[in-house]
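[1] Sequence and predicted structure below; questions after.
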Amino acid sequence: MDREKFKKDAQLKMNELFAEIDELKVKRDKANADAQAEYDEKIDKLNQQKEDVKAKYEDLANASDEKWDEVKAAFTEASDSFKEGFSAIASIFK
């Protein structure tokens, strides 16, 4: 996959995943008060991971040719970690 396509796909996937956090917040609002505190903690952790993914994407978007493979791998790792965290939290809301 070429560099521009990877960046475009990464941006689209990030937007999709980040929108799903907002959906979790809506579900959280429907939970009882005791569960809301637990959900808040988990969503806060997910938001921290979100910021890490965004930072890695910025690195990716600005990477030199020499650093591309390294930055791409770091972004992929952060993105995968975010997806795993999101899936774990999303399963609680079902």
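    Received, thanks.
[2] pLDDT on the helix of greatest length in the chain, on average?
    When the chain is parsed with DSSP state H, its longest helix is helix 33-61. Throughout helix 33-61, pLDDT has a mean value of 88.
[3] List the buried residues for that helix?
    Tyr39, Lys42, Ile43, Leu46, Gln49, Lys50, Asp52, Val53, Lys56, Tyr57, Asp59, Leu60 (16 or more other C-beta atoms under 10 Å). Quick note: C-beta positions are derived from backbone N, CA and C, even for glycine.
[4] is it true that the third one touches Ile89?
    When you say that, I think you mean Ile43. Yes - Ile43 lies in contact with Ile89 (C-beta atoms under 8 Å); the separation is 7.0 Å.
[5] list the residues that contact both of these two?
    Residues touching both Ile43 and Ile89 by C-beta atoms under 8 Å, 6 or more residues apart in numbering: Leu24.
[6] Distance of Asp59 relative to Gln36?
    Remark: distance between Asp59 and Gln36 (C-beta to C-beta, to the nearest Å) = 35 Å.
[7] Identify all contacting residues around stretch 66-73.
    So stretch 66-73 is contacted by Arg3, Phe6, Lys56, Asp59, Leu60, Ala63 (C-beta under 8 Å, 6+ apart).
[8] can we see that at 10 Å?
    1, 3, 6-7, 10, 56-64, 74 (C-beta atoms under 10 Å, 6 or more residues apart in numbering).
[9] what do you get for stretch 35-46?
    Contacting residues not belonging to stretch 35-46 are listed as 17-18, 20-21, 24-25, 27-31, 50, 82, 85-86, 88-90, 92-93 [C-beta under 10 Å, 6+ apart].
[10] among these, which are in helices?
    Per DSSP H, the contacts of stretch 35-46 map to helices at 17-18, 20-21, 24-25, 27-29, 50, 82, 85-86, 88-90, 92.
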